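Participant: Sequence and predicted model, in that order:
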There are 2 protein chains.
Amino acid sequence: MISKKTKYALKALLYLGRKYNQGPVLISDLARDERIPKKFLELILLTLKNNGVLQSRKGKGGGYYLGKPPREISVGNVIRILDGPLAPVPCVSETAYAKCQECTDEQTCGIRPVMKDVRDAIANILDKTSLADMLEREEKAEQQERGILQYFI
Amino acid sequence: MISKKTKYALKALLYLGRKYNQGPVLISDLARDERIPKKFLELILLTLKNNGVLQSRKGKGGGYYLGKPPREISVGNVIRILDGPLAPVPCVSETAYAKCQECTDEQTCGIRPVMKDVRDAIANILDKTSLADMLEREEKAEQQERGILQYFI
DNA sequence: TATTAATCTATTAAATCTATAGGGCTGTAT
DNA sequence: ATACAGCCCTATAGATTTAATAGATTAATA
């Protein structure tokens, strides 16, 4: 399960993605509109900024905005920044390998190759899906909803 | 990341799988050989038994053993029993659906379809991989290690 | 320089995970 | 009958993670 923190981050990024190239967005506005605890959101946005996903400006007219185009922000990257490695066990992580403490012999472990497959499958999806992809899907779904609504009127 | 509990469970099952059709195994032996805290292991085995994965016999000559052939025990089932649903968000779980609390509109959520893909990819692997598969992989890896050893002698 | 809004440091509250300890009960084999 | 070994319950507790809050500081702008 992904954490609330990461879900908040993704929602915030979608929000900022919708306002891409429209200037900085206030933390307060974002927190209000997406119903995210403001102080908690502060930490999240800061972390994203420190990892190059967001940029910010202080003072009047300041706020947060995407550090790069939505197409270049991958979901995998965001999750890794906030929740850590995607791999179900540390010994198969590509970005943050570590030995499993319970493991005696990594070479002959039967669990490892399965988890490796899982990691690859997850990474394959999340690293290839961008913020832009999610925004497109949202838009399509909204159009469909409006279409259905029209149909009933 | 999967929990220590689940890793212990998988290790225990591999152990019992190696002794399949050789009679019950004592908790104490399993705990010693696989270096799992005994009381903790007790809880794990009991849970697996209550979910039909294991069977047990009391008294002298008793112990735990697989409740069905290794081929019929899937990794996915074991993980679900001990760690809960495989899905990264509750709203895409097939076995334990629940609404995401932060979510306002499931229909237009851009995060959901991505997570649905991830869930399906994970489930596809874990539900199709059995204890037997893991045992085979272990055996092959061990044979290979022995082969390399031979080569050096 | 006053205001604005992000940044930084610290702390708290709650939940979950991991593990340990003890003991009475139940069923099984000898 | 007796010893054995799992069953089941309660309780405890440390560690870690998650979620959230509070207050002081820094930087930018008008």
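Facilitator: Done, it's in. Residues are numbered from 1 along each chain as shown, chains lettered A, B, ... in the order given.
Participant: all contacts plus neighbour counts: C-alpha atoms, from now on.
Facilitator: Fine.
Participant: and the longest helix along chain A, what other elements does it pack with?
Facilitator: Taking DSSP state H as the criterion, chain A has its longest helix at helix A:131-152. Here helix A:131-152 touches helix A:4-18, going by 3 or more C-alpha pairs under 8 Å, 6 or more residues apart in numbering or on different chains; DSSP states H and E.
Participant: Can you name the residues of chain A sitting close to chain B?
Facilitator: Applying C-alpha under 8 Å from any C-alpha of the partner chain, one finds that chain A approaches chain B through A:1-2, A:10, A:35, A:86-90, A:102, A:107-111, A:114, A:117-118, A:121-122, A:125-126, A:129, A:134-135, A:137-139, A:141-142.
Participant: so how far is the helix or strand of chain A with the lowest mean pLDDT off the chain centroid?
Facilitator: Ranked by mean pLDDT, DSSP states H and E, the weakest helix or strand in chain A is helix A:131-152, scoring a mean of 89. Distance of helix A:131-152 from its chain centroid, counting by C-alpha atoms, centre = their mean, to the nearest Å, is 21 Å.
Participant: Just the buried residues of that helix, please?
Facilitator: Along helix A:131-152, these residues count as buried under the neighbour rule (16 or more other C-alpha atoms under 10 Å in any protein chain shown): A:131-135, A:137-138, A:141.
Participant: Just give me the residue right at the centre of chain A.
Facilitator: residue A:78 (3.7 Å; C-alpha atoms, centre = their mean).
Participant: The closest residue to residue A:28 other than its chain neighbours: what's it in contact with?
Facilitator: Spatial nearest neighbour of residue A:28, chain neighbours left out: residue A:38 (6.5 Å); criterion: C-alpha to C-alpha, 6 or more residues apart in numbering or on different chains. Contact analysis of residue A:38 by C-alpha atoms under 8 Å, 6 or more residues apart in numbering or on different chains lists A:27-28, A:31-32.
Participant: From those residues, pick the one nearest DNA strand C.
Facilitator: Set against DNA strand C, the nearest of those by C-alpha to the nearest atom of the strand is residue A:27 (4.2 Å).
Participant: There's contact between that closest one and residue A:41 in this structure, I believe.
Facilitator: Yes. The criterion here is C-alpha atoms under 8 Å, and residue A:27 meets it with residue A:41 at 7.4 Å.
Participant: just the buried members of the contacts of residue A:38?
Facilitator: Here, 16+ other C-alpha under 10 Å leaves A:27, A:31 buried among the contacts of residue A:38.
Participant: Get me the contact residues on chain A for DNA strand D.
Facilitator: A:3-5, A:36-40, A:43, A:57-62, A:83 (C-alpha under 7 Å from any atom of the strand).
Participant: which residues of chain A fall in strands?
Facilitator: A:54-57, A:63-66 (DSSP state E).
Participant: mean confidence score for the last one?
Facilitator: This points to strand A:63-66. Averaged over strand A:63-66, pLDDT sits at 97.
Participant: could you say what helices and strands it packs with?
Facilitator: Against strand A:63-66 (3+ C-alpha pairs under 8 Å, 6+ apart) you get helix A:4-18, strand A:54-57.
Participant: Okay, now the unreliable bits of chain A?
Facilitator: A:153 (pLDDT under 70).
Participant: now do 80
Facilitator: Chain A contains residues with pLDDT under 80 at A:148-153.
Participant: Around DNA strand C, pick out the residues from it.
Facilitator: Checking chain A against DNA strand C by C-alpha under 7 Å from any atom of the strand, the hits are A:25-28, A:42, A:45-46, A:49, A:55-64.
Participant: now do 10 Å
Facilitator: Within chain A, the residues that sit near DNA strand C (C-alpha under 10 Å from any atom of the strand) are A:1, A:24-30, A:38-50, A:54-65, A:101-102.
Participant: which among those residues end up buried?
Facilitator: Among the residues of chain A next to DNA strand C, the ones that count as buried by 16+ other C-alpha under 10 Å are A:24-27, A:30, A:41, A:44-49, A:54-56, A:63-65.
Participant: measure residue A:133 to DNA strand C for me?
Facilitator: Distance of residue A:133 to DNA strand C, computed by C-alpha to the nearest atom of the strand, to the nearest Å: 26 Å.
Participant: Can you report how many residues lie near the closest residue to that residue other than its chain neighbours?
Facilitator: Once flanking residues are discounted, residue A:133 sits nearest to residue A:71: 7.4 Å by C-alpha to C-alpha, 6+ apart. Residue A:71 sits with 15 neighbouring residues when counted by other C-alpha atoms under 10 Å in any protein chain shown.
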